[in-house]
Every structure is written in C-alpha cells, then in structure tokens.
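K.L.:
what would the 3D arrangement of this be:
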Amino acid sequence: MHATESRHIDFPAPSDARRIARVIRARDGHALRVEAGGAEWPVVAHLDSVSPLACGDRVLVESVPEGVVILGRLRGADEPPALPVRQDAEGRLLIDHAQGVILRARGNAIELRADGAVLVNGNTIQTAARGLHRLQGATIELN
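P.N.:
Residues are numbered from 1 along each chain as shown. Modelled structure (predicted):
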C-alpha cells in the first residue's frame, strides 16, 4: 500500500436490535413493558443477572420477534456501582471487598475486616458441631 492510498474498511451496519429503553410498567421487580423512541414493547424475558426493576428505570434491551429481552439495568450518574456479589465455582455466595464486609440484622453483626479480624456481635451466639468443635488461636480467653 502506498502512502497516498487509503484503505476502506466496511464495518457492518449498526443493529437496531439493541437499544436503551425506559421501563413503563413493572411488577414485583420485573419489567412488563418498555418504551424507547415513542414506541412500546412487551418484555418477554430478563437475563438472570438483571437486578429488580421499577418504572422509570433505564435498561438495555434486545429486540426479538415477541418483544424485547432485558439485558441489564443502567445505573444513574449518582448511583454507585453494584456490590461485588457473585457465586463461586461451587455455587456459594461470594462477597469480596477490599475494605471488609459487615452482615447486619438489627443490632447484631458479623464483621470481616481487611486486617484479618473477624468480629461477631449478638445478643446470643450459639455454635454447634456434630463432630469435632475446635477453637484455635494464639490465645483463647473465656469470660
């Protein structure tokens, strides 16, 4: 190719199958109808990773012959990113955060700190084992 020649690349035309829409009808966290560009479509499915939806939410949808499939919810400019919660390879819920994690119900909590400390705070703390019940640490203090 010479310096004066230009190469033309034909990219495929953008598909109108995907678009941003607004939820206009929802029930129990599921969108039932969406609107975009003045047209309305029925929602036929949601990807399993889509968080609960409400009227007014902006969503990414893909058109299918029966209506649209919701691919995801778009967060607002003032919303923080979704929490880092996922499933591990064995199907367990995994919450991973560099600063630590707190599970709280009323005044009770389990806290995992970034420095390695684990704090359990509750009115009553009960542990049970069908087999060996081991307490292990450099020092164990009872009462």
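K.L.:
skip ahead from the worst-scoring helix or strand of the chain on mean pLDDT and say which helix or strand is next.
P.N.:
Lowest on mean pLDDT, DSSP states H and E among the helices and strands of the chain sits strand 85-87, with a mean of 81. Where DSSP states H and E defines the elements, the next helix or strand beyond strand 85-87 is strand 93-95.
K.L.:
for that next one, buried residues please.
P.N.:
Neighbour counts over strand 93-95 (16 or more other C-beta atoms under 10 Å) mark no residue as buried. For every residue, glycine as well, the C-beta is placed using N, CA and C.
K.L.:
so which elements touch that strand?
P.N.:
The contact analysis (3 or more C-beta pairs under 8 Å, 6 or more residues apart in numbering; DSSP states H and E) places strand 93-95 against strand 85-87.
K.L.:
partners of the strand it packs on, with directions?
P.N.:
strand 93-95 (antiparallel) (DSSP bridges).
K.L.:
nearest the geometric middle of the chain, what residue?
P.N.:
In the chain, the residue lying closest to the centroid (C-alpha atoms, centre = their mean) is Ala82, at 5.4 Å.
K.L.:
and the pLDDT for that one?
P.N.:
Listed pLDDT for Ala82 reads 76.
K.L.:
so where's the chain shaky on pLDDT?
P.N.:
1-16 (pLDDT under 70).
K.L.:
would you mind splitting it into its domains for me?
P.N.:
Taking automatic domain parsing as the domain assignment, the ranges for the chain are 18-74, 85-121.
K.L.:
right, I'll call it a day here.
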